[in-house]
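Student: dropping a prediction and its sequence here:
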Amino acid sequence: MENLGLALDAAWQVLLVGLVLGAGLPAVFALGIRFLGQEHATSGGTGFATAGPTPVGRVLAGVCFLVVLAGIALGITIVVAAGFDKEVSFEHVFPTIVDAS
Amino acid sequence: MSPELVILGLVVVTALAFDFTNGFHDTGNAMATSIATGALAPKVAVALSAVLNLVGAFLSVEVALTVTNAVVKIQDADGAPRPDLLTDGGQPLLVIVLAGLVGGILWNLSTWLLGLPSSSSHALFGGLIGAAIAGLGFGGVNWAGDGTKLDGVLGKVVLPALVAPLIAIAVAAVGTWLVHRITAGVAERYRERGFRWGQIGSASLVSLAHGTNDAQKTMGVITLALLASGRWTDTESIPLWVKVSCALAIALGTYLGGWRIIRTLGKGLVEISSPQGMAAESSSAAVILTSSHLGLALSTTHVATGSILGTGLGKRGAEVRWGIAGRMVLAWLITLPMAAVVGAAAWFVADGVGGLAGAVAVFLALAAASGAMFVRSRHEPVDHENVNAEWRGMPGAARSEAPAPAKV
């Protein structure tokens, strides 16, 4: 029955990482879309009200999309690195590729 | 040409055929949601998925030589074939592998005909288990491993199949709920365009992950056959031509597109919108990549189906057709035993006829059965033209059976 314990052990880890990456990144992406969608609702009266995102919204949305892209890039790197007997270390905060331990 | 060489050739061709069915069986896991929401034109979606599977197959340099060890005992821990199966140029081992592949292919084709997504890995493992039981007895099967890691039929097949859908449902439901919550009230044109891109990106990731996971199983099987016949001696690496041909076979299968299964996943299970599609594919990609990294062998199909179900649960008022979900679960439960029965039958035929003639007989039977199923599929064809047509029940089911979708 060791298998059952091992499976449950791995399962909750997958669930946890899955929630952070599989639900968290889409949420950040959605946040980006929300920022894009905040049009000049309060800029009435200037006469320049144009459709489209505000500059601030544009920047914030860009940050959100960059976070998502970085997350995906990191995920792919970890998987590909594992194939080459390497792993990604967070020892120096910024991820670096090292030989698998 | 010696009989052993011909048998080896049959095993290689059959393995590539399995890889091909693996590809078209699983296209829907990645692309069904993008096709259903119109984020990608059907032909573009399968082409993109095929290219990414090809790339993925080459990225997976991890040696998959011991793939059969998960469920049967026909090779050592380091990948070398069992010496007692190597008489007559490895014939005993080659016949077990051939029979196992036949079991896997026929089950894959049957479920495709019914439009049911089912795990290709479980079909392959089932076939191998059946052939091993027939050829070596129950002791030839690795039921539970040695307890030090997740292994055996229990640890590599049964338990993962139980947890995969649950994890995927949870992640996708949470993701869908968050996404809808966050973008509530945002102008439709931003939502639709943004989520379409998100969907394409996340579906691409699933395709890539599929290529890295599944193509190497066939590579391992072919290399094992080469080792058994003495045509390859290195248990550390896989011949380049094996890698290239497996990558091409899975990509070609993916490009052909299992339209029947794509339709069930994209239109049958849940009526899907772009935000839901993105949430589902993100959940699938994250769970598949994480689990294979942690050594939990989750089936791409179980995860993808669970994610699509979860996205139906996470959105208020979304429709989930539970009747279809039930049929899928039933198909998953019987995948392993059914493929095992076919694998065992194939082994008995090959062994009964004996030698080269036996292997040829099994191969011809496989070709005939596959041909018959293809002809049957033409009676109710599903292709890129009608893949998104309004849902009117499963293929093969009487029209009147089509259930009214239940509200959740």
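Tutor: Thanks, I have the structure now.
Student: in which helix or strand would I find residue B:39?
Tutor: Counting by DSSP states H and E, no helix or strand carries residue B:39.
Student: correct me, but it touches residue B:273?
Tutor: No: using CB atoms under 8 Å, residue B:39 is not in contact with residue B:273; the gap is 10.5 Å. The C-beta positions use only the backbone N, C-alpha and C, and glycine is treated the same way.
Student: pull the number of nearby residues for residue A:63.
Tutor: Close neighbours of residue A:63, defined as other CB atoms under 10 Å in any protein chain shown, add up to 12.
Student: what residues of the longest helix along chain A count as buried?
Tutor: Among the segments of chain A that qualify as a helix by DSSP state H, the longest is helix A:55-83. Residues A:57, A:60-61, A:64-65, A:67-68, A:71-72, A:75-76, A:78-82 are the ones in helix A:55-83 that count as buried (16 or more other CB atoms under 10 Å in any protein chain shown).
Student: elements contacting that helix?
Tutor: With contacts defined as 3 or more CB pairs under 8 Å, 6 or more residues apart in numbering or on different chains; DSSP states H and E, helix A:55-83 has these neighbours: helix A:25-37, strand A:86-89, helix B:42-59, helix B:188-228, helix B:274-293.
Student: could you tell me the least trusted of those?
Tutor: Note on these: strand A:86-89 shows the lowest mean pLDDT, a mean of 73.
Student: ok, and for that one, which residues are buried?
Tutor: Across strand A:86-89, burial judged by 16+ other CB under 10 Å covers residue A:88.
Student: show me what it pairs with in its sheet, parallel or antiparallel.
Tutor: strand A:96-99 (antiparallel) (DSSP bridges).
Student: list the contacts of the partner strand.
Tutor: A:77, A:81, A:85-89 (CB atoms under 8 Å, 6 or more residues apart in numbering or on different chains).
Student: now, which of these sits nearest chain B?
Tutor: For those, the closest approach to chain B (CB to the nearest CB) belongs to residue A:85, at 8.4 Å.
Student: pLDDT at the closest one, what is it?
Tutor: 69.
Student: run a quick neighbour tally on whichever residue of chain A sits closest to chain B.
Tutor: When scored by CB to the nearest CB, chain A has residue A:22 as its residue closest to chain B, at 3.0 Å. For residue A:22, the tally of surrounding residues (other CB under 10 Å) stands at 34.
Student: residue A:99 now?
Tutor: Neighbours of residue A:99 using other CB under 10 Å come to 10.
Student: any idea how far residue A:73 is from it?
Tutor: 21 Å (CB to CB, to the nearest Å).
Student: swap in residue B:378?
Tutor: In terms of CB to CB, residue B:378 sits 44 Å off from residue A:73.
Student: looking at stretch B:263-273 now, give me its mean pLDDT.
Tutor: 89.
Student: stretch B:246-260 now?
Tutor: Stretch B:246-260 comes out at a mean pLDDT of 91.
Student: please apply the same query to stretch B:13-32.
Tutor: Here the average pLDDT along stretch B:13-32 is 92.
Student: next, the contact list for the closest residue in space to residue B:315 that isn't next to it in sequence, please.
Tutor: Distance criterion CB to CB, 6 or more residues apart in numbering or on different chains; nearest residue to residue B:315, sequence neighbours excluded, is residue B:176 at 5.3 Å. For residue B:176, the contact set (CB under 8 Å, 6+ apart) comprises B:275-276, B:279-280, B:310-311, B:313-315.
Student: now, the most widely separated pair of those?
Tutor: Maximum pairwise distance among the contacts of residue B:176 (CB to CB): 14.2 Å, between B:275 and B:313.
Student: distance check, the residue nearest to residue B:315 against residue B:294.
Tutor: From residue B:176 to residue B:294 the distance is 24 Å (CB to CB).
Student: got any ranges where the stretch 1-150 of chain B has weak pLDDT?
Tutor: Judged by pLDDT under 70, the stretch 1-150 of chain B has its weakly predicted residues at B:60-64.
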